[in-house]
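> What would the 3D arrangement of this be:
(one chain, ligands or ions: 1)
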Amino acid sequence: MLGQIKQTHRIPARTGRAFVVAKGDLIKITDCEGAQPVDFWAFNRENLSEYLSCMHTKPSIERLFPREGDAAYTNHRRPIVTLLQDRSPGQHDMQYAACDRWRYIELGGPEHADHASCENNLHGALEGLSIRLPFTPQPWNLFTNFFINPDGTFTIKAPESKAGDYVILRAELDAYIVLSACPQDFNDTCGGKPTDVLAEVGR
Ligand SMILES: [Zn+2]
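Residues are numbered from 1 along each chain as shown. Here you go, the predicted structure:
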């Protein structure tokens, strides 16, 4: 589907990357080794206060998270990316905040305050584009299997994605994209072993 590849970003386990896309670009995100969640953010390049918002997406698509053909929406209630192709089991959570230092303190104690986190990966990656963001939007958690039980409880399960599984998103706005290869190793979020992610941008 990606005819001409314009950008390739190998994102090592536990780290993040930010890059620029234009409206109409295709973004292929590959789980290189399997069972690796990707925290995904998208911001309108013309106005950083407009960004992909999970809580605004859910009422627009009337589902807990997008499936093939659905868009993810901004807090201004317009599509920012569309999930064009999904070659994975389709678990792309929109319920949970990015892991952050407080989550690692909660799970492991204060000595884990400096654990790598998706929140730090977001802000570190944006600094590479000279962008300082004073808040952390909830990410779209690709390849993430937070399972909602019928009684309203949930279970953090290991992702069922396999090595080479991927999604292709189409940018619907000129956008900054940020990906974090989630470093969560305190539970089954990453199947116990954080691994690399590949992002390619094309047309
Ligand atoms: Zn994370």
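> other SSEs contacting the longest strand along the chain?
Looking across the chain with DSSP state E, the single longest strand is strand 79-87. Counting contacts by 3 or more CB pairs under 8 Å, 6 or more residues apart in numbering; DSSP states H and E, strand 79-87 packs against strand 38-44, strand 71-73, strand 165-171. Using the backbone N, CA and C atoms, a C-beta is placed for each residue, glycine as well.
> residues making contact with the first one?
Strand 38-44 is touched from outside by 16, 29, 31, 50-52, 72, 74, 80-81, 98-99, 118, 121-122, 137, 139-144, 171, 173-182, 197, with contacts defined as CB atoms under 8 Å, 6 or more residues apart in numbering.
> Can you sort out which of those residues also neighbour the ion?
Taking CB under 5 Å from the ion, the overlap between the contacts of strand 38-44 and the neighbourhood of the ion is C99, C118, C182.
> Run through the residues that contact the last one.
In this structure, C182 makes contact with Q36, P37, V38, D39, C99, C118, N141, T144, T189, C190, P194, judged by CB under 8 Å, 6+ apart.
> which secondary structure element contains P137?
When elements are assigned from DSSP states H and E, P137 belongs to no helix and no strand.
> And for the one 10 residues further on?
Counting by DSSP H and E, the secondary-structure element that holds F147 is strand 145-148.
> With only the CA atoms kept, save that strand in CSV.
Taking Å, rounded to 0.1, in the frame of the first residue of the first chain, the C-alpha atoms of strand 145-148 are listed here in CSV:
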residue,chain,number,x,y,z
ASN,A,145,-4.8,-5.8,24.9
PHE,A,146,-6.5,-4.2,27.9
PHE,A,147,-9.5,-6.5,27.9
ILE,A,148,-12.9,-5.2,29.1
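> quick one: average pLDDT of the next helix or strand after that strand?
Sequence order places strand 154-157 as the next helix or strand after strand 145-148, per DSSP H and E. Averaged across strand 154-157, pLDDT comes to 94.
> Please determine whether strand 154-157 lies in contact with the ion.
No: against the ion, strand 154-157 shows no contacts by CB under 5 Å from the ion, the least distance being 11.7 Å.
> What are the boundaries of the strands in the protein?
5-11, 16-21, 26-31, 38-44, 71-73, 79-87, 140-142, 145-148, 154-157, 165-171, 175-181, 197-202.
> Turn the ones next to the ion among the contacts of strand 38-44 into TSV, including distance to V21.
What follows is those, written out as TSV (distance: CB to CB, whole Å):
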residue	distance to V21
C99	25
C118	20
C182	21
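> need the residues of this protein near the ion, please.
So far as CB under 5 Å from the ion goes, the chain lies against the ion at C99, C118, C182, Q184.
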